[in-house]
Structure formats: structure tokens, C-alpha cells
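[1] Below are the sequence and a predicted model; questions follow.
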Amino acid sequence: MEMDKKAFRKQMLDRMKELSKPEYEQLSYEIARSLYSSPLWLQAKTIGITVSKPPEADTWQIIRKAWEDGKRVAVPKCIPQAKQMVFRELKSFMELESVYYGLWEPSPEKTEEVLSEEIETLIVPGLAYMKNGFRLGVGGGYYDRFLEQYKGRTVSLAFELQVINGFPVENHDKPVEMIITDQRVWASGNA
Ligand SMILES: Nc1nc2c(c(=O)[nH]1)N(C=O)[C@@H](CNc1ccc(C(=O)N[C@@H](CCC(=O)O)C(=O)O)cc1)CN2
Ligand SMILES: Nc1ncnc2c1ncn2[C@@H]1O[C@H](COP(=O)(O)OP(=O)(O)OP(=O)(O)O)[C@@H](O)[C@H]1O
């Protein structure tokens, strides 16, 4: 099972990497525009969001737009020993530091913690999704653990090619309410 997942993650990443830069930019832009018209975006004053690393759909432009719209942006910092995440308020990209795997995280010296209950809409990252909202993440279990106690709304952003028919789901997997792709919005009805 774990080996299956590992090979499957690599396969998904390889498929995402096949997007050309213009495709990546255009599809990311379409996903972002679709998000901006969603109540999950419009109604949230505080959003939780990761800082994307290609080939993940771009979130830098979404963070910028959130600031323009006067939203509070909370970005995760991982605590690897505990496999937990703490969200911290990002007011400038210059508050980011590169910790591992080329991921950008908020610097604890430059940012303040945002509590889970303050996040109204959480944008949940993943590599692959099923139409019913189940997702396969990068494998730390950080989001599955966070979602156990998180009470707000959830949405994932994905290229349509990441939405597939089936993959192994485990007991601890928590579906997202909605998946926004470059082509459509998949609502899970699982809220
Ligand atoms: N852009 C972005 N930021 C993100 C995530 C993401 O998916 N995308 N995350 C989404 O969760 C968190 C970071 N996730 C991580 C997941 C695993 C490992 C890690 O240490 N992996 C180990 C193997 C762990 C395992 O297989 O159980 C390794 O590769 O050695 C690190 C960070 C928070 N930030
Ligand atoms: N709620 C949880 N409690 C304890 N362990 C968990 C929980 N969620 C996940 N795990 C463990 O974390 C590891 C990674 O989980 P999994 O492969 O499901 O992550 P994932 O699908 O990539 O999701 P995520 O985006 O959360 O990392 C597994 O060893 C799993 O057993």
C-alpha cells in the first residue's frame, strides 16, 4: 500500500511537470479566477494557504489577491517532530524562509501565529483528487492530522489532470468540500 502510494505520487508529479510554462500559468490563472468567484473565498476574511512550489498550481498570485482584497493570509509552518503544522500570518513574501524541500515557510521571528479556529477557509494542497473530495497529499500526513480538529471550510485547487477515478483511501483521510480546477468545480457534498 505505501509503495503503491509512493509510485502513484511520483506518477502524478511527472504528469503535472508535463505542463509547459504557458499552460501552467494559464491554468493556474483560471483556477485562481474561479476561486475568486466562490463563496468560500468571498466570505472568508482569513484564509489558510500553502506557498506553492511548481508543479503545484500557483498560489503566489492568490496570496497577492488576498492581500489586495484585505484578507488575512495564514501560511503553514511544519513541526516535523510532531508531524504538525502551525499557521502564521503572512503580510509580505519577505517574511518567508526556505526550510526544506525548497518549500517556503513563514519565519517565526517575523510572523504571528494564527489559530486554527481563526481560519475560515483552508486551501488544502494535494497531488491527486477524487470527485468526491478525497485527496492524496505529498505524504507527511500534515493535512490529514490538521483536518481532524479544523472546523472551517475546505477547498482544494488542482489542475483537471489531477482529478482521477480512484486511488487508495485510508481511514484517516478527510475529504475536502470542494475542488476547483481549471475546467470545473467539483463539490463533494461532504461538508
Ligand atoms: N507548497 C506546499 N507546501 C506545503 C505542503 C504542500 O503539499 N505543498 N504541505 C503538505 O502537507 C506541508 C509540507 N509537507 C511535507 C510533507 C512531507 C515532508 C517530509 O518530510 N517527507 C518525508 C517523508 C515523509 C513520509 O513519507 O511519511 C521525506 O520526503 O523524507 C515534508 C513536508 C506544508 N507545506
Ligand atoms: N490523523 C492521523 N493520525 C495519525 N497518523 C496519521 C493521520 N493522518 C495521516 N497519518 C499518517 O501520516 C502518514 C502520511 O499519511 P498519508 O499518506 O495519508 O498522507 P497524504 O495523503 O499525503 O496526506 P497529507 O496531505 O495529509 O500529507 C501515514 O503514515 C499516515 O498513517
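    Alright, I've got the coordinates. Ligands and ions are numbered 1, 2, ... in the order given.
[2] Please determine how far the residue nearest to residue 42 when sequence neighbours are not counted is located from residue 43.
    Of all residues not flanking residue 42 in the chain, residue 36 sits nearest, at 7.8 Å (Cβ to Cβ, 6 or more residues apart in numbering). Glycine gets a C-beta too; all of them are placed from N, C-alpha and C. According to Cβ to Cβ, to the nearest Å, residue 36 and residue 43 sit 12 Å apart.
[3] Check residue 97 too.
    From residue 97 to residue 43 the distance is 31 Å (Cβ to Cβ).
[4] higher neighbour count, these two?
    Comparing residue 97 with residue 43 by other Cβ atoms under 10 Å, the one with more neighbours is residue 97, at 13 against 10.
[5] and residue 72, backbone torsions?
    phi -90, psi 130 (degrees, to the nearest 10).
[6] For burial, what's the neighbour tally of it?
    18.
[7] what's the answer for residue 58, then?
    Based on other Cβ under 10 Å, the number of other residues close to residue 58 is 19.
[8] any idea which element the closest residue to it other than its chain neighbours lies in?
    Distance criterion Cβ to Cβ, 6+ apart; nearest residue to residue 58, sequence neighbours excluded, is residue 28 at 3.8 Å. With elements taken from DSSP states H and E, the one containing residue 28 is helix 21-36.
[9] chain center to that helix, what's the gap?
    15 Å (Cα atoms, centre = their mean, to the nearest Å).
[10] How about that helix and ligand 1, any contact?
    No. No part of helix 21-36 sits close enough to ligand 1 to count as contact by Cβ under 6 Å from any ligand atom; the gap is at least 13.0 Å.
[11] That helix: what's the following helix or strand?
    The helix or strand immediately downstream of helix 21-36 is helix 39-42, counting by DSSP H and E.
[12] Now tell me what touches that next one from outside.
    Under the contact criterion Cβ atoms under 8 Å, 6 or more residues apart in numbering, helix 39-42 has outside partners 35-36, 47, 121, 153, 155, 177-178.
[13] What helices and strands are in contact with the helix or strand just after that helix?
    Next helix or strand after helix 39-42 toward the C-terminus (DSSP H and E): strand 46-48. Judged by 3 or more Cβ pairs under 8 Å, 6 or more residues apart in numbering; DSSP states H and E, strand 46-48 is in contact with strand 72-79, strand 121-123.
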